[in-house]
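Asks: Okay, predicted coordinates and the sequence, questions at the end:
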Amino acid sequence: MKDQKQAAKPNQKDSPDDPPAPMSSPLDRFLARRILLVVTGGIAAYKAAELARLITKSGGLVRVAMTEAATRFITPLTFTSLTGQAVVTDLWDRVNADDNVIHVAWSQWAEIMITCPATANFIAKLAHGLADDFASCTSLAFQGPRLVAPAMNTGMYLNPATKSNLEILTKRGYRVLESPEGLLACGTIGAGRMAEVPMIAWEAARLLSPSLLKGRRVVVTGGATREPWDDIRFLSNRSSGLMGSALASAAWLLGAEVTLIAGLSATVPNTLPEGLNVQRVETCDDLLTAVAQALDGAWALVMNAAPADFKPIERIKGKIRKSGQQAPALTLTRTPDILKTLSPQKGQTIMVGFAAEDGEDLKSKARDKLNAKNLDYIAANRAGGQGDVFESDSISLTLMSSGGSEIDVGPYPKFQAAWELWHLLASGYGKIS
């Protein structure tokens with residue numbers, strides 16, 4: 001029995017404090033969320049100011065707790081100026097008249113606690129439950145998601161005591177970021193650097209997101225392929241890869257293990273979270289090979305890439321010279337249909353296609369593709385003319401299921417549309433009962 005056509009409700013709640021407006025980027029997960037930033041005494045404290053500013057610009061409410069040592073590197077006024085929120089350094093401070101027990105009040109106010117930078121000393125306090133100042137008392141009282149970004153000298157970081165303390169925190173549910181190698185302030189080259197600010201922001205945004213796809217592996221494709229004619233020229237299309245990147249980012253925030261297979265010209269953010277695997281491909285044949293290799297064991301394949309439909313029958317070495325009056329002949333052949341080729345071996349993997357179509361019969365063309373390629377879902381969207389999806393920051397689409405259901409999503413920013421699509425897929429929307 002077919003479900004009646006329906007529209008996705010904007011701003012559907014997936015947690016008590018979801019952003020009140022459609023999200024245009026992953027960092028919109030911070031919108032109207034309450035973040036407690038604990039800053040301890042290391043030179044990387046200046047990067048904590050950058051993190052506070054980034055989260056505040058994304059709509060988050062950031063309160064800062066500083067150790068006395070942290071104030072030797074950066075002033076409380078800096079954080080107050082950047083966040084517009086209170087900064088506390090002393091256990092006996094009173095920000096509000098109601099804050100009789102301020103470390104308890106702050107721990108109950110916050111939704112997430114980020115310790116950045118986390119020194120070896122403060123990590124030891126967290127691991128062993130020491131509470132002798134405002135920052136450590138508040139940390140001990142806090143009950144929500146906790147993110148720790150260590151920063152210290154290489155010898156201190158590699159010391160067995162520090163390693164043991166970090167293992168204790170991990171076992172207790174802390175998200176502890178790896179310290180990358182590099183040049184440290186002390187002149188040492190090695191591990192101990194604090195994770196980069198965008199990586200910390202990504203991890204915090206993930207902790208503020210529902211774990212809808214945790215334990216699931218997904219494969220996403222995005223962008224256009226290039227089909228070479230000679231060593232200079234190629235056939236391609238206008239797909240920007242923005243939707244593919246949005247789908248991959250949203251899936252990662254929702255807890256999935258993600259592989260993004262993107263065309264060479266696809267727009268992929270410079271800073272993506274560690275663990276989000278990005279593979280670049282050039283041709284449709286390359287894309288088919290990469291998807292086939294990644295498909296085994298995947299919970300879902302979302303084929304958002306726009307492979308070229310045709311390619312030159314012969315690739316000419318070098319550059320075709322512009323000479324004479326007659327243009328050189330270009331003979332084309334079809335490229336492989338990736339979804340149609342792979343669908344017979346999909347097993348339990350959910351296969352989702354995208355159909356960018358022009359004309360008035362958009363949905364019927366999409367439905368034909370859904371059936372012909374034996375897909376579970378297809379997302380129909382408009383290409384060309386008014387509402388053109390290519391190179392646009394927003395999208396309006398209709399998700400169709402093999403069970404006969406249809407649901408409209410958007411118009412939304414592409415990241416919000418991706419967020420809605422993953423929720424629909426995870427819910428089993430439109431499956432035949």
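Replies: Perfect, I can see it now.

Asks: Okay, strands next: where are they in the stretch 51-200 of the chain?
Replies: Counting by DSSP state E, counting those that start in this stretch, one finds strands in the stretch 51-200 of the chain at the ranges 61-66, 87-88, 112-118, 146-150, 175-176, 182-183, 189-190.

Asks: Turn those strands into TSV, columns for distance to Phe354.
Replies: (Each C-beta comes from the backbone N, C-alpha and C, glycine too.) Converted to TSV, the strands of the stretch 51-200 of the chain look like this (distance: least, C-beta to C-beta, whole Å):
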stretch	distance to Phe354
strand 61-66	37
strand 87-88	47
strand 112-118	34
strand 146-150	34
strand 175-176	33
strand 182-183	40
strand 189-190	45
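
Asks: want to throw those strands into CSV with mean neighbour count and distance to Val104?
Replies: Formatted as CSV, the strands of the stretch 51-200 of the chain follow (neighbours: other C-beta atoms under 10 Å; distance: least, C-beta to C-beta, whole Å):
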stretch, mean neighbour count, distance to Val104
strand 61-66, 24, 13
strand 87-88, 22, 13
strand 112-118, 26, 14
strand 146-150, 25, 16
strand 175-176, 18, 23
strand 182-183, 11, 38
strand 189-190, 13, 39
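
Asks: Which one of these lies nearest to Met351?
Replies: Distances from Met351 to each of these were compared by C-beta to C-beta, and the smallest falls on strand 175-176, at 32.1 Å.

Asks: residues in contact with Thr115?
Replies: Residues near Thr115 by C-beta atoms under 8 Å, 6 or more residues apart in numbering: 38, 40, 122, 126, 139, 146-149.

Asks: Compute the distance between it and Leu301, please.
Replies: Thr115 sits 38 Å away from Leu301 when distances are taken as C-beta to C-beta, to the nearest Å.

Asks: all helices in the stretch 1-150 of the chain, in order from the N-terminus.
Replies: With DSSP state H, counting those that start in this stretch as the definition, the stretch 1-150 of the chain shows helices at residue ranges 45-57, 76-83, 102-109, 120-128, 134-141.

Asks: Output the below-cut-off pLDDT ranges for this structure.
Replies: The chain contains residues with pLDDT under 70 at 1-21, 94-100, 324-325, 359, 384-391, 432-433.

Asks: one more time with 50
Replies: Low-confidence regions of the chain, defined here as pLDDT under 50, cover residues 1-17, 433.

Asks: what domains does the record give for it?
Replies: Following the assignment in automatic domain parsing, the chain carries domains at 34-207, 217-317+329-427.

Asks: Let me have those domains in JSON lines, adding distance to Ser323 as columns.
Replies: JSON lines is the format used below for the domains of the chain (distance: least, C-beta to C-beta, whole Å):
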{"stretch": "domain 34-207", "distance to Ser323": "50"}
{"stretch": "domain 217-317+329-427", "distance to Ser323": "14"}
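
Asks: so which of those domains comes closest to Asp28?
Replies: From these, taking C-beta to C-beta, the stretch that ends up closest is domain 34-207, at 6.3 Å.

Asks: now that closest one, how far from the centre of its chain.
Replies: 22 Å (C-alpha atoms, centre = their mean, to the nearest Å).

Asks: and what of stretch 32-51?
Replies: Centroid separation for stretch 32-51 versus its chain: 21 Å, with C-alpha atoms, centre = their mean.

Asks: tell me which residues of that stretch are tucked away?
Replies: Buried residues in stretch 32-51, counting neighbours by 16 or more other C-beta atoms under 10 Å, are found at 33-42, 44-45, 47-51.
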